[in-house]
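K.L.:
What shape does this take:
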Amino acid sequence: MHLLLSDSVVGLFLQVLPVSLLVGLVFFAVRLHRQKKQRRSVSRNRELLLFLFVCYVTGLANLVLVPANFWRSFWYHICTGVPVWDLPALFSGGFNFLPTFVRYLTGELTGAPGRWILTMLAGNLLMFVPMGVFLPLIFPRLQGGKMAAAILLLPLAVELWQPVVGRSFDTDDLLLNTLGILAGWAMVRLVLGKGKR
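P.N.:
Numbers count the residues shown, from 1 in each chain. You can find the predicted model right below:
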């Protein structure tokens, strides 16, 4: 229980995993029912890909689009029965327009970056890599300018929403989320390009 209620990377993952799986399973069941009703053939690979995408998007949304302590408070209440809702007020978030690397270059931050900063930076990059993988596989028409727009606008939309729920607009997050999508998209292009050869 201690791990589930922690603010660690594993704790945050465990907090959103049940909701992600539940939404994915409901989506899959409804989709399967509709396909059987319409007597359409079912592609197992496509359905697995869609299930994973729905689980991923649900988990991502719950990690970045709801107040920071929402799921920890929810699970604390479920596990202990004590109603503790440590949530920020709406529209109470802040703005950080200066990236961390600029703060290091200007001397505002000194010494080695703390473990929390490195974890946050790596997490923001890695969290969006699957988006770059899923988008071209699920939406094959999303190419060229449309893909570039998606790569730029998705992280921007997330960051613009965060101050609404008491989080902060952070330039580091914006840059790293964008780089994460780009990295995932580049991996798919590389693999698909090798497959065609």
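K.L.:
and the gap between Phe169 and Gly184?
P.N.:
23 Å (C-beta to C-beta, to the nearest Å). In short, each C-beta sits where N, CA and C put it, glycine included.
K.L.:
Those two: which is more packed in?
P.N.:
Set side by side, Phe169 and Gly184 show more neighbours around Gly184, with 22 against 19, by other C-beta atoms under 10 Å.
K.L.:
Report whether the expected contact of that one with Phe128 is present.
P.N.:
Yes. Taking contacts as C-beta atoms under 8 Å, Gly184 lies within contact range of Phe128: 7.2 Å.
K.L.:
which other helices and strands contact the worst-scoring helix or strand of the chain on mean pLDDT?
P.N.:
One helix or strand of the chain scores below all others by mean pLDDT, DSSP states H and E: helix 100-105, with a mean of 81. The contact analysis (3 or more C-beta pairs under 8 Å, 6 or more residues apart in numbering; DSSP states H and E) places helix 100-105 against no helix or strand.
K.L.:
Mind exporting the C-alpha coordinates of that helix to CSV?
P.N.:
What follows is helix 100-105, C-alpha atoms only, in CSV (Å, rounded to 0.1, in the frame of the first residue of the first chain):
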residue,chain,number,x,y,z
THR,A,100,16.2,24.0,-16.9
PHE,A,101,19.2,23.9,-19.2
VAL,A,102,19.0,27.7,-19.6
ARG,A,103,18.8,28.1,-15.8
TYR,A,104,22.1,26.0,-15.6
LEU,A,105,23.8,28.0,-18.3
